[in-house]
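Asker: structure here, sequence nowhere to be found:
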């Protein structure tokens with residue numbers, strides 16, 4: 001039985017400090033080394049307010065970007081215009097990707113594809129595989145937790161791997177927590193190039209706060225679609 005689909009966008013009007021969301025991730029900034037020089041094509045899935053879209057556009061890449069939030073799309077478009085850069089930015093659901101087959105040299109999904117129930121997440125991963133060129137790359141983050149540890153907050157919990165956030169700016173957004181075996185299964189068609197675990201903490205940094213969140217983090221995943229035989 002297919003799980004119920006639910007997609008709700010971030011409410012960016014509830015974000016008070018945009019500093020983090022304006023700085024490209026360090027690993028993402030290294031990706032041009034792998035994909036080569038422009039005019040390679042890049043798809044920024046769940047682009048948010050545009051930090052990675054703008055980064056790649058500034059280097060001369062052909063960038064398409066998608067986000068469910070109208071505010072995020074508008075912010076990204078305004079940032080591009082201000083910096084006199086070009087990219088195609090669309091509003092839409094990650095489960096409704098319409099890009100052509102074998103089209104992109106890189107698909108980026110930073111803190112995005114786990115904002116879904118399991119079935120939808122698997123569907124999105126399959127769609128990502130479809131639109132990447134043979135030999136092209138995927139970079140993304142996968143939310144995870146220790147399978148032996150309960151959720152830090154019982155509110156919004158759907159099952160042992162899924163919760164729906166009840167607080168802004170992610171209110172109403174499902175979060176799926178993948179175990180290691182899930183990640184390996186979901187990406188079995190790809191060739192994994194790098195996979196590591198990272199815990200992220202946000203201020204205020206306290207011992208109690210870190211202990212509460214211990215065992216929750218993200219897999220950082222870099223993978224390649226095999227070349228055609």
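Answerer: Alright, I've got the coordinates. Source: prediction; values computed, not measured.
Asker: use CA for all of it now, contacts and neighbours both
Answerer: Fine.
Asker: my guess is residue 226 contacts residue 188, does it?
Answerer: No: the pair residue 226 and residue 188 does not pass the contact test of Cα atoms under 8 Å, sitting 11.1 Å apart.
Asker: those two: who's more crowded?
Answerer: residue 226 (15 against 10; other Cα atoms under 10 Å).
Asker: biggest strand in this protein by residues?
Answerer: The single longest strand within the chain, with elements called by DSSP state E, is strand 132-145.
Asker: after it comes which helix or strand?
Answerer: Later in the chain than strand 132-145, the nearest helix or strand by DSSP states H and E is strand 157-159.
Asker: so what are the sheet partners of the longest strand of the chain and their directions?
Answerer: Strand pairing for strand 132-145, determined by DSSP bridges: strand 104-109 (parallel), strand 216-224 (antiparallel).
Asker: pretty sure residue 156 sits against residue 165.
Answerer: Yes: applying Cα under 8 Å, one finds residue 156 in contact with residue 165, separated by 6.1 Å.
Asker: for residue 143, which residues are in contact?
Answerer: 111, 114, 175, 176, 177, 178, 216, 217, 218, 219 (Cα atoms under 8 Å, 6 or more residues apart in numbering).
Asker: what do you get for residue 219?
Answerer: 141, 142, 143, 144, 195, 196, 197, 198.
Asker: just the buried residues of those residues.
Answerer: For the contacts of residue 219, a neighbour count by 16 or more other Cα atoms under 10 Å gives the buried set as 141, 142, 143, 144, 197.
Asker: any idea how many residues pack against residue 187?
Answerer: 18.
Asker: so where does the closest residue to it other than its chain neighbours fall, helix or strand?
Answerer: Spatial nearest neighbour of residue 187, chain neighbours left out: residue 125 (7.5 Å); criterion: Cα to Cα, 6 or more residues apart in numbering. Take DSSP H and E as the rule and residue 125 turns out to sit in helix 118-131.
Asker: pull out the buried residues from that helix.
Answerer: Result for helix 118-131 [16+ other Cα under 10 Å]: buried residues 118, 120, 121, 122, 123, 124, 125, 127, 128, 129, 130, 131.
Asker: relative to residue 104, which of those residues is nearest.
Answerer: residue 131 (6.2 Å; Cα to Cα).
Asker: need the contact list for the closest residue to residue 200 other than its chain neighbours.
Answerer: Of all residues not flanking residue 200 in the chain, residue 217 sits nearest, at 6.2 Å (Cα to Cα, 6+ apart). Residue 217 makes contact with 143, 144, 145, 197, 198, 199, 200, according to Cα under 8 Å, 6+ apart.
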